[in-house]
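Asker: got a predicted structure plus its sequence, pasted below:
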Amino acid sequence: MYLSRIRFNTSSGAINILADTLRSGGYGSHQLLWQLFTDDAYRSFLFREDQILDGPLKGTPQYLVLSRTPPRDKNGVFLLETKPFAPRLAAGQRLGFSLRANPTVFSHGKRHDVLMHAKKQLPDRENVGLDEKAKVMEEAAINWLCNAMRTTSWGISIDVPPVILSQRQNQTIKTNSGQNISFTSVDYEGVLSVTDPERLITTIENGVGKARAFGCGLLLLRRL
């Protein structure tokens, strides 16, 4: 596996492509990055998009990408920084983590956004204050991640609930169908313990939750 930081260069061609990508949202970013992995028959990668906060590229997107093959830019659009990804993990190890995820729940035969689902379950919700609604929705998002960690084979455990750094509603357009898609992404941060190193590596490679084609699911780890 390879972990890459990918940014746009400052050429006029790159700026034009950037403008088109921003108009399309997360799916546009996925389609753009997809072109960097022609050496991978399955185009298997996860990505996370954030804004550059300073320097000459301030305000433009940058992508963290985990992939089976290294990205290759044949058109001179990107600045690529790539390194092999082969973390050494041990059972019992404690690590900080960061995750952007799309929390969903399956109910009455349909998949629902966890935050909106929690909001709709409030009794007499029209009379509930905004602060109370926000609290209920945040608790639902935290419970989703804690429950997923407990009930799935991710190779990790968590003792202290994670912190939510931000949450947002995203709009994107699938370019092949013109379909408008709306989804919620939540940025989590916290501390986990490794219970099964091999399973955790598989979890990182496969991603967490839904909306992976829209920039969710990449689990990032750091040593404490």
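Answerer: Thanks, I have the structure now. Numbers count the residues shown, from 1 in each chain.

Asker: report the residue spans of the protein with pLDDT below the cut-off.
Answerer: 11-27, 124-129, 151, 171-179 (pLDDT under 70).

Asker: so where do the helices sit in it?
Answerer: 12-24, 26-34, 114-120, 130-151, 197-206 (DSSP state H).

Asker: what does the last one contact?
Answerer: Contacts to helix 197-206, defined as Cβ atoms under 8 Å, 6 or more residues apart in numbering, come from residues 1, 66, 87, 89-91, 153-156, 194, 219, 221. Just so you know, the C-beta spots here come from the backbone N, C-alpha and C atoms, and that holds for glycine as well.

Asker: same check on the longest one?
Answerer: For helix 130-151, contacts defined as Cβ under 8 Å, 6+ apart pick out 99, 101, 103, 105, 114-119, 122, 125, 154, 156-158, 161-162, 164, 167, 186, 188, 192, 208-209.

Asker: show me where the chain has strands.
Answerer: 2-8, 45-51, 61-67, 78-84, 94-101, 104-107, 110-113, 156-157, 163-174, 179-194, 219-223 (DSSP state E).

Asker: so can I have JSON lines of those strands showing distance to Thr203?
Answerer: JSON lines is the format used below for these (distance: least, Cβ to Cβ, whole Å):
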{"stretch": "strand 2-8", "distance to Thr203": "15"}
{"stretch": "strand 45-51", "distance to Thr203": "11"}
{"stretch": "strand 61-67", "distance to Thr203": "12"}
{"stretch": "strand 78-84", "distance to Thr203": "19"}
{"stretch": "strand 94-101", "distance to Thr203": "11"}
{"stretch": "strand 104-107", "distance to Thr203": "17"}
{"stretch": "strand 110-113", "distance to Thr203": "21"}
{"stretch": "strand 156-157", "distance to Thr203": "7"}
{"stretch": "strand 163-174", "distance to Thr203": "20"}
{"stretch": "strand 179-194", "distance to Thr203": "11"}
{"stretch": "strand 219-223", "distance to Thr203": "7"}
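
Asker: possible to save these as JSON lines with distance to Asn143 and mean neighbour count?
Answerer: Formatted as JSON lines, those follow (distance: least, Cβ to Cβ, whole Å; neighbours: other Cβ atoms under 10 Å):
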{"stretch": "strand 2-8", "distance to Asn143": "30", "mean neighbour count": "19"}
{"stretch": "strand 45-51", "distance to Asn143": "23", "mean neighbour count": "19"}
{"stretch": "strand 61-67", "distance to Asn143": "26", "mean neighbour count": "20"}
{"stretch": "strand 78-84", "distance to Asn143": "35", "mean neighbour count": "14"}
{"stretch": "strand 94-101", "distance to Asn143": "13", "mean neighbour count": "19"}
{"stretch": "strand 104-107", "distance to Asn143": "10", "mean neighbour count": "14"}
{"stretch": "strand 110-113", "distance to Asn143": "14", "mean neighbour count": "14"}
{"stretch": "strand 156-157", "distance to Asn143": "16", "mean neighbour count": "18"}
{"stretch": "strand 163-174", "distance to Asn143": "11", "mean neighbour count": "14"}
{"stretch": "strand 179-194", "distance to Asn143": "12", "mean neighbour count": "17"}
{"stretch": "strand 219-223", "distance to Asn143": "18", "mean neighbour count": "15"}
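
Asker: that's all I had, so thanks and see you.
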